[in-house]
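Trainee: what follows is a predicted protein model with its sequence.
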Amino acid sequence: MAWFKKTKSENSGKKVKIPEGLWVKCDSCKEIIYRKEVERNLQVCPKCNYHFRISARQRLRYLIDSGTFEEMDTELLPDDPLSFRDSKSYPERVKENQEKTGLKEAVITGRAKIKGLPIVVAVMDFSFMGGSMGSVVGEKITRAAETALTERLPLVTVSSSGGARMQEGMFSLMQMAKVAAAVGRLKQQGVPFVSILADPTFGGVSASFAMLGDIIIAEPKSLIGFAGPRVIEQTIKQTLPEDFQRAEFLLQHGMVDMVVDRKSLKDVVYRLLKMLLSDRGSSEQPQEQV
């Protein structure tokens, strides 16, 4: 009868402990992937090429030359012009997001270099109140555009936003016109402006400066639009295409110029800026009289 008795091994009853944070699940293909492999691939899924959302600091590491970033306008902090309150007061929400992200606002601006080429850069962070554009975000991007104009440096922006910040009401909506006017002056003066759209880019950001670049680049499969698909379907009473508002759909319909993988983005932006600077330089040369 001993044949039917279970013998306990020395290791039975012991659970194998797997360190937390070692693996990550892809939001697209649902594969479980070794986190370090994703990090080595610039936060892109090696299985399906899904581009994970990343912070503004991570974006800067991937896009610009190491050690060249000089942050601007760090003293600007959001105010509460409407004394807005929902389940929490607006100042409480701001403080909560500052502690969560380590940022003072939803955008980082500054001077930097891409492969040795000096630029002014503005990078939005979706994890800070959905990357919403309030007065400070609008002011910082406007100042970045003005610095680019004064110093004749190309402007590169990376957008990732849900749109205007409702807690600031009309003060937030005013930023659309202000920022659009600032980047418009760059075009008038022949200063290059490259706009990069990351997932997601919506609302007042997509309706203003994000879609005004000399060249508009989107990351693969990024959601880009003004209103969400559910709102549009309810408005027009029609079923939208499956890939509606994805970067590839916008490229096909002429709304963006390029869809570029994250690992190629730095090289592509550098080449485009060199081309734009060369074209602007040659166009400013006096024409020979015949």
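Mentor: Sure thing, it's come through. Numbers count the residues shown, from 1 in each chain.
Trainee: quick check: longest helix of this structure.
Mentor: helix 262-283 (DSSP state H).
Trainee: elements contacting that helix?
Mentor: helix 56-63, strand 107-114, strand 117-124, strand 193-201, strand 215-218 (3 or more Cβ pairs under 8 Å, 6 or more residues apart in numbering; DSSP states H and E). Just so you know, the C-beta spots here come from the backbone N, C-alpha and C atoms, and that holds for glycine as well.
Trainee: and these as JSON lines, adding mean neighbour count and mean pLDDT?
Mentor: Output for the helices and strands packed on helix 262-283, formatted as JSON lines (neighbours: other Cβ atoms under 10 Å; pLDDT from 0 to 100):
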{"stretch": "helix 56-63", "mean neighbour count": "18", "mean pLDDT": "97"}
{"stretch": "strand 107-114", "mean neighbour count": "23", "mean pLDDT": "98"}
{"stretch": "strand 117-124", "mean neighbour count": "24", "mean pLDDT": "98"}
{"stretch": "strand 193-201", "mean neighbour count": "25", "mean pLDDT": "97"}
{"stretch": "strand 215-218", "mean neighbour count": "22", "mean pLDDT": "98"}
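Trainee: can you put these in JSON lines and add distance to residue 162?
Mentor: Below are those laid out as JSON lines (distance: least, Cβ to Cβ, whole Å):
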{"stretch": "helix 56-63", "distance to residue 162": "15"}
{"stretch": "strand 107-114", "distance to residue 162": "13"}
{"stretch": "strand 117-124", "distance to residue 162": "10"}
{"stretch": "strand 193-201", "distance to residue 162": "7"}
{"stretch": "strand 215-218", "distance to residue 162": "17"}
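Trainee: nearest to residue 28, out of the ones you listed?
Mentor: For residue 28, the closest of those is strand 193-201, at 10.9 Å, according to Cβ to Cβ.
Trainee: all helices for the stretch 101-250 of the chain, in order.
Mentor: Counting by DSSP state H, counting those that start in this stretch, one finds helices in the stretch 101-250 of the chain at the ranges 135-151, 170-188, 203-206, 229-236, 247-252.
Trainee: export the longest one to PDB, keeping only CA atoms.
Mentor: Once non-C-alpha atoms are left out, helix 170-188 reads as follows in PDB (Å, rounded to 0.1, in the frame of the first residue of the first chain):
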ATOM      1  CA  MET A 170     -11.800  80.000 -20.100                       C
ATOM      2  CA  PHE A 171      -8.200  80.700 -18.900                       C
ATOM      3  CA  SER A 172      -7.300  77.300 -20.300                       C
ATOM      4  CA  LEU A 173      -9.100  77.800 -23.600                       C
ATOM      5  CA  MET A 174      -7.300  81.100 -24.100                       C
ATOM      6  CA  GLN A 175      -4.000  79.200 -24.300                       C
ATOM      7  CA  MET A 176      -5.000  77.700 -27.600                       C
ATOM      8  CA  ALA A 177      -4.900  81.100 -29.400                       C
ATOM      9  CA  LYS A 178      -1.800  82.300 -27.500                       C
ATOM     10  CA  VAL A 179       0.300  79.300 -28.300                       C
ATOM     11  CA  ALA A 180      -1.000  79.100 -31.900                       C
ATOM     12  CA  ALA A 181       0.000  82.800 -32.400                       C
ATOM     13  CA  ALA A 182       3.500  82.100 -30.900                       C
ATOM     14  CA  VAL A 183       4.300  79.200 -33.300                       C
ATOM     15  CA  GLY A 184       2.800  81.200 -36.100                       C
ATOM     16  CA  ARG A 185       5.400  83.800 -35.700                       C
ATOM     17  CA  LEU A 186       8.100  81.100 -36.100                       C
ATOM     18  CA  LYS A 187       6.700  80.300 -39.500                       C
ATOM     19  CA  GLN A 188       6.700  84.000 -40.500                       C
END
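Trainee: report the buried residues of it.
Mentor: The neighbour-count check on helix 170-188 (16 or more other Cβ atoms under 10 Å) flags 171, 172, 173, 175, 176, 178, 179, 180, 182, 183, 186 as buried.
Trainee: and the third one, what pLDDT?
Mentor: Meaning residue 173. We have a pLDDT of 95 for residue 173.
Trainee: hang on, the earlier thing: what's the closest of the helices and strands packed on helix 262-283 to residue 70?
Mentor: Nearest of the helices and strands packed on helix 262-283 (Cβ to Cβ): strand 107-114, 4.6 Å.
Trainee: who does the closest one pair up with?
Mentor: Partner strands for strand 107-114, per DSSP bridges, with pairing direction: strand 70-71 (antiparallel), strand 117-124 (antiparallel).
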